[in-house]
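Undergrad: below: sequence and its predicted model.
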Amino acid sequence: DIDDVGHKYHLELVLEDILDKDSTVNCTAEVLYHLPNKNLPPDVQFTIEGELKNTDEADSMFYNRIKSLEKELVAEDIPDSHGNVAPEMEPVRLLAWVASGYVIWQNSTENTKFQLAQIKHVKQVKRSDEYLEFDYRILLHEMVSQEIIPWQMTVLWHPHHGVQVTQ
Amino acid sequence: QLDFWLAPRGPGHPVDVRVPFPSLQPLKAHLEANGVSYSIMIEDVQALVDHERTEMLRGRRQLPLSTNTFDYATYHSLDEIYTFMDLLVAENPNLVSKIEIGRSTENRPLYVLKFSKGGTNRPAVWIDTGIHSREWVTQASGVWFAKKIVLDHKNDQGLASILDKMDIFLEIVTNPDGFVFTQTQNRMWRKTRSRHSGSACIGVDPNRNWDAGFGGPGASSNPCSETYHGPYANSEPEVKAIVDFVKNHGNIKAFVSIHSYSQLLLYPYGYTSTPVPDQQELHQISKEAVTALSSLYGTNYKYGSIITTIYQASGGTIDWTYNQGIKYSFTFELRDTGRYGFLLPAKQIVPTAQETWLALKVIMLHALDHLY
């Protein structure tokens, strides 16, 4: 408890690579939830002990594949009702996962627990520069209220410049 | 004519509406004239529904002919599950019977399978799945449990000893209206499909509608909310049917209500932080059950009382059953922890059911060894 500021949590956690369960990395973090009346997203500071896996090859493959599409990518319901994700859509889903992490962070309080529930619709937006741009309509599941919250986000990505959520 | 999928909640909140074709132009004109921005989420709902229907029928042109050819590793429609139940009874008339305990809001039958080796009103175990319709792995697991009981009732020592003295009641689709809605209209539907006067919003959270701390903190009084408790306790026929059944039976000793997702094993209370008198025993059982569950595939579960482990929730099923004197009252939250959430891939159905069954056996065996 920090008077007039909020609640600070010190965390020790282990990060696990979704794509390679044996690949783990230790992490320490400090999260400060501000007082509710301030309406600010939590402050997060973290340190990763060790290195994250190199993803250059997978990144390039995805990047080049999308760049070489004749028509802009459009897809719906990822995963579908039965939990299926077409293999070629997996990177699109992972990108949404990362971007939704930002949205979740910006909207989290001590009384929320968000998860990405589904991508309802994704549409690639043509760009003249080197970035890839995707317009996502996602559903977030909030655990405490059990609400399903639709959210729209515009995501920019480039292998060397990482992910940006612009809207 | 307009069908609201995300009902109006107030200024600044988006609204989703399904528009029948003849109303399309007038609605667009109306929105534009009033400066209300809109975007099209689904161009053709019928096409989507048709597509989904063909997906579900693909490879299953006919309804299953026997429970041996039934595909347990896929999600099924309500009709397919109801057909499965009848097949199971027909194939095992000396062990399995089907009871109708009531009707849903939309008048669908509420079926419970009874597994019994005889006797009269033996002490019993109750298991329900699918009370929250979007939690599809639960109904699918329920189907698997039913078949498992039939397969193992003679050769599995534990199960055989349970059935020697106790009956098992299994309600696979506890919320059939919601289930059908998740298959035809909205995969994320949780509640029942009841309409209560004074609101455009539909549905009551069946796990907030029980008479235990009803209406208290941990449920919503807003009919548009996913945790709406309803106008009064047991307002929902799906809930009332179970309440009546439990009271009339009078000899249920263990009650397990199954949900997804989060990988948790929970015991009462949810509506208050006062621990239940049997806290220590329930905690110990949970520990054993979770250990058994993990032993199969290494799936990690946490356990504890509802209020300390997940959140405060009032009007919940197992709070009511516990207060009725059913000591061994538990709730499961099955796989996963959020990666797929409600949309758990079908290939995880059987592993989930298998590991959960091990935990259920621990609970049932404990009840058997500690009958009261």
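TA: The structure has been received and is ready for your questions. Numbering: from 1, shown residues only, chains lettered A, B, ... in the order given.

Undergrad: quick one: the strands in the stretch 1-150 of chain B?
TA: Along the stretch 1-150 of chain B, counting by DSSP state E, counting those that start in this stretch, strands occupy B:3-6, B:16-18, B:96-103, B:109-115, B:124-129.

Undergrad: need those strands in TSV (columns: mean neighbour count and mean pLDDT).
TA: Placement of C-beta: from N, CA and C, glycine included. Formatted as TSV, those follow (neighbours: other C-beta atoms under 10 Å in any protein chain shown; pLDDT from 0 to 100):
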stretch	mean neighbour count	mean pLDDT
strand B:3-6	14	83
strand B:16-18	14	87
strand B:96-103	16	98
strand B:109-115	20	98
strand B:124-129	25	98
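
Undergrad: save those strands as a markdown table, and put in distance to residue B:176 too.
TA: Shown next, in a markdown table, are the strands of the stretch 1-150 of chain B (distance: least, C-beta to C-beta, whole Å):
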| stretch | distance to residue B:176 |
| --- | --- |
| strand B:3-6 | 20 |
| strand B:16-18 | 22 |
| strand B:96-103 | 9 |
| strand B:109-115 | 7 |
| strand B:124-129 | 12 |
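
Undergrad: Throw the ones you listed into CSV and include distance to chain A, thanks.
TA: Rendered in CSV, the data for the strands of the stretch 1-150 of chain B read as follows (distance: least, C-beta to the nearest C-beta, whole Å):
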stretch, distance to chain A
strand B:3-6, 7
strand B:16-18, 7
strand B:96-103, 25
strand B:109-115, 23
strand B:124-129, 17
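
Undergrad: the single nearest residue of chain A relative to chain B: what secondary structure?
TA: Relative to chain B, the nearest point of chain A is residue A:83 (3.4 Å; C-beta to the nearest C-beta). Assigned with DSSP: H, G, I helix; E, B strand; the rest coil, residue A:83 falls in the coil class.

Undergrad: residues of chain A that sit close to chain B?
TA: Within chain A, the positions near chain B by C-beta under 8 Å from any C-beta of the partner chain are A:18, A:76, A:79-84, A:115-118, A:120-121, A:137, A:139, A:141, A:143-148, A:150.

Undergrad: only whichever of the residues you listed are buried, select them in PyMOL.
TA: With 16 or more other C-beta atoms under 10 Å in any protein chain shown as the criterion, this PyMOL line picks the buried residues out of the residues of chain A next to chain B:
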select buried, chain A and resi 79+80+81+82+83+115+116+117+118+120+121+137+139+141+143+144+145+146+147+148+150
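
Undergrad: longest strand of chain A?
TA: Assignment by DSSP state E gives strand A:20-34 as the longest strand of chain A.

Undergrad: how many neighbours does the residue of the stretch 201-350 of chain B at minimum distance from chain A have?
TA: Residue of the stretch 201-350 of chain B nearest chain A, by C-beta to the nearest C-beta: residue B:345 (3.4 Å). Residues contacting residue B:345 under the criterion other C-beta atoms under 10 Å in any protein chain shown number 18.

Undergrad: quick one: contacts for the closest residue to it other than its chain neighbours?
TA: Sequence neighbours aside, residue A:83 is the residue nearest to residue B:345 in space, at 3.4 Å (criterion: C-beta to C-beta, 6 or more residues apart in numbering or on different chains). Contact analysis of residue A:83 by C-beta atoms under 8 Å, 6 or more residues apart in numbering or on different chains lists B:340, B:343-346, B:348.

Undergrad: before we move on, back to that, downstream neighbour of the longest strand of chain A in the secondary structure list?
TA: With elements assigned by DSSP states H and E, the helix or strand that comes after strand A:20-34 is strand A:43-49.

Undergrad: contact residues of chain B facing chain A?
TA: Residues of chain B lying near chain A by C-beta under 8 Å from any C-beta: B:6, B:14, B:16, B:41-42, B:52, B:55, B:74-75, B:136, B:182-183, B:187-188, B:190, B:205, B:220, B:225-227, B:262, B:310-311, B:338-346, B:348.

Undergrad: and with 7 Å instead?
TA: B:6, B:14, B:41, B:52, B:75, B:187-188, B:190, B:226-227, B:311, B:338, B:340-346 (C-beta under 7 Å from any C-beta of the partner chain).

Undergrad: assign the most centrally placed residue in chain A to helix, strand or coil.
TA: Residue closest to the mean C-alpha point of chain A, counted by C-alpha atoms, centre = their mean, is residue A:98 at 2.0 Å. Here residue A:98 is recorded as helix under three-state DSSP.

Undergrad: what does the one 10 residues further on give?
TA: Of the three states, residue A:108 takes coil according to three-state DSSP.

Undergrad: OK, contacts around it?
TA: A:41-42, A:114 (C-beta atoms under 7 Å, 6 or more residues apart in numbering or on different chains).

Undergrad: do the same with residue B:27
TA: residue B:19.

Undergrad: what's the answer for residue B:174, then?
TA: Residue B:174 sits next to B:128-131, B:238 when contact means C-beta under 7 Å, 6+ apart.

Undergrad: pLDDT score for the residue nearest to the centre of chain A?
TA: The confidence metric pLDDT takes the value 95 at residue A:98.

Undergrad: kind regards, and thank you for your time.
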